[in-house]
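Colleague: Let's see this in three dimensions:
(chains A and B)
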Amino acid sequence: SAVISQKPSRDICQRGTSLTIQCQVDSQVTMMFWYRQQPGQSLTLIATANQGSEATYESGFVIDKFPISRPNLTFSTLTVSNMSPEDSSIYLCSVVRSGFGNEQFFGPGTRLTVL
Amino acid sequence: ELKVEQNPLFLSMQEGKNYTIYCNYSTTSDRLYWYRQDPGKSLESLFVLLSNGAVKQEGRLMASLDTKARLSTLHITAAVHDLSATYFCAVDPFFGTGTRLQVFP
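Modeller: Okay, here's the model as predicted:
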C-alpha cells in the first residue's frame, strides 16, 4: 500500500486565518485528491491536485478559498483560507497508485476546528 | 458530475441476520470501492471491484459489481457486533452517502 502522511494531524484556528495542510506520499503517484469530511457525513471531493498545473476543483469549491499546490509527484498542499467555523472538518489527502489495482489510498486526515 | 447513492443510510440489524447494502452510480465506471470507517478513524479499504460481474468476499462481507446496471452490493452474512461501522462505496473518486450499520445482540 501507499504510505501517506499529513501535517498537521489536527489544529484549532481562529476565524479569518488560513491553514496549510501538507500531504507527503512515500512514492510517486499520478493522481492526488483532497477531500473534506464533515462530522457524520461522507467524503466530499474538493479537488484533484495536478502536478505542474492548476488543480481541478469540484462544484462548490474555488481556488481562492482552497488553493492547492503540487510541485512534484509525491507532495501536495491544501490551504484553507479565511476560515470560518463552517470550515471545521476533517481534510483528507488521497492517492491512486497504478500497479496496485488502481486502489485508492487515504492519508490519516487533518482535523480542523475553527473558533 | 458522477452521482453515487447508497441505501439504506442507516441500518440496525440483529446479530446473525443477513442484509444487503446497495450502491448505485450515475455514469459508466469500471472501478468501484467499498470502505469501512469506524468512529474517529480513517477509511479502511475493504474491496476493489474492477470488472462487470466481479465478486469478492472477505469473512462475512461479500461485494459484487454489475456495471451494466451501475449497481454494486455489499452483502452481510450472519452479522456480528464487530461489523458495526459506517460503510462507503466509491466510484473513483466520488463517494456515496455512507451506510451506518449497527449490529445489536
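Colleague: Not counting its neighbours along the chain, what's nearest A:Tyr57?
Modeller: A:Ala47 (4.5 Å; C-beta to C-beta, 6 or more residues apart in numbering or on different chains). Bear in mind the C-beta positions are built from the backbone N, C-alpha and C, glycine included.
Colleague: measure that neighbour to chain B for me?
Modeller: Between A:Ala47 and chain B the computed distance is 10 Å (C-beta to the nearest C-beta, to the nearest Å).
Colleague: so that residue is in which element?
Modeller: Following DSSP states H and E, one finds A:Ala47 within strand A:43-49.
Colleague: picking that back up, A:Gly60 is in contact with the residue nearest to A:Tyr57, correct?
Modeller: No: applying C-beta atoms under 8 Å as the test, A:Ala47 and A:Gly60 come out as separate, 10.7 Å apart.
Colleague: Tell me the spacing between the residue nearest in space to the middle of chain B and chain A.
Modeller: Centroid-nearest residue in chain B, with C-alpha atoms, centre = their mean: B:Leu74, separated by 4.4 Å. Between B:Leu74 and chain A the distance is 15 Å, computed by C-beta to the nearest C-beta.
Colleague: And the closest residue to that residue other than its chain neighbours, its phi and psi?
Modeller: Nearest residue to B:Leu74 in three dimensions, chain neighbours excluded: B:Ile21, at 4.4 Å (C-beta to C-beta, 6+ apart). B:Ile21 adopts backbone torsions of phi -100, psi 140, taken as degrees, to the nearest 10.
Colleague: near chain A, which residues of chain B?
Modeller: Residues of chain B found near chain A (C-beta under 8 Å from any C-beta of the partner chain) are B:1, B:31, B:33, B:42-43, B:45, B:48, B:50, B:88, B:90, B:92-98.
Colleague: ok, now with 10 Å
Modeller: B:1-2, B:4, B:6, B:9, B:30-31, B:33, B:35, B:37, B:39-45, B:47-50, B:86, B:88-90, B:92-98, B:100 (C-beta under 10 Å from any C-beta of the partner chain).
Colleague: Having no further points to raise, I will conclude here.
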